[in-house]
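A.B. asks: Give me a 3D structure for the following:
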Amino acid sequence: MTDTDVPTGNTYDKYGTTNPIERKMMEGFFAALDRFVDGLAPTRILEVGVGEGIVSERLATRFPDAKIVGLDLPDPELAAEWTAQDLMCMFADVVALPAPDDAFDLVVAIEVFEHFDDPPAALRELARVCTSDLLASVPFEPIWRIGNMARGRYLRDLGNTPGHINHWGRRGFTKFVDGEFEVQGVASPLPWTMVHARVR
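C.D. replies: Numbering: from 1, shown residues only. Got it, this is the predicted structure:
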């Protein structure tokens, strides 16, 4: 697979949407994220699939003394955004993270597992570098596809967002994460599944 073949997913800016329904959905998403980090005190945070850095910026506000590292696939435009936001990010493959064992006490993987060619290998690698907590989310199927179709998006693909090659419901994703971590909590901010787990 070449860089140009890598599925980058939906380019729609859900974080910056002005649609009132979508804004309400994002509020629910971030409320679930905030609940899961309440009570945590990470000093070393890794965000896999950092994208434009919205989640990392939110975590930096919550944990101003923590060292936050972001990781994503090669993309010059993203790199320019990271520089503008003063984010510490790098390009790498999630199944071969350039980090030693136990390098981070909080690992965040928001909206990325649906893109991975080998989700189990990615989860094992996140467990390798994590000493404590994992926060992960994926689109909740089939609600995600129905929502896309209701907005007139990706109709030829029955609402499947480009680059989404893995699909989970709440129970399936929870069981998947629990294969490497111990699940502490699950939230369903429509239309996502979000899991908080800890290393065993």
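
A.B. asks: Now do the phi/psi pair for the residue in the chain sticking out farthest from the centre.
C.D. replies: When each C-alpha in the chain is compared with the mean C-alpha position (CA atoms, centre = their mean), residue 156 comes out farthest, at 25.8 Å. Backbone torsions of residue 156, given as degrees, to the nearest 10, read phi -70, psi -30.

A.B. asks: Now find how far off-centre the helix or strand of the chain with the lowest mean pLDDT is within its chain.
C.D. replies: Every helix and strand of the chain was ranked by mean pLDDT, DSSP states H and E. The lowest is helix 143-150, at a mean of 81. Distance, stretch centre to chain centre, for helix 143-150: 19 Å (CA atoms, centre = their mean, to the nearest Å).

A.B. asks: Next secondary structure after that helix?
C.D. replies: With elements assigned by DSSP states H and E, the helix or strand that comes after helix 143-150 is helix 170-178.

A.B. asks: Can you give the contact residues for that next one?
C.D. replies: 113, 119-120, 123, 134, 136, 138, 140, 168, 183, 186, 188, 193, 195, 197 (CB atoms under 8 Å, 6 or more residues apart in numbering). Heads up, the C-betas are built off the backbone N, CA and C, glycines and all.

A.B. asks: 10 Å - rerun?
C.D. replies: Residues outside helix 170-178 that contact it (CB atoms under 10 Å, 6 or more residues apart in numbering): 109, 113-114, 119-120, 123, 126-127, 134, 136-141, 166-169, 183, 185-188, 192-197, 200.

A.B. asks: any idea of the mean pLDDT for it?
C.D. replies: The average of the pLDDT scores along helix 170-178 is 97.

A.B. asks: do the same with stretch 117-126
C.D. replies: Rounded mean pLDDT across stretch 117-126 is 98.
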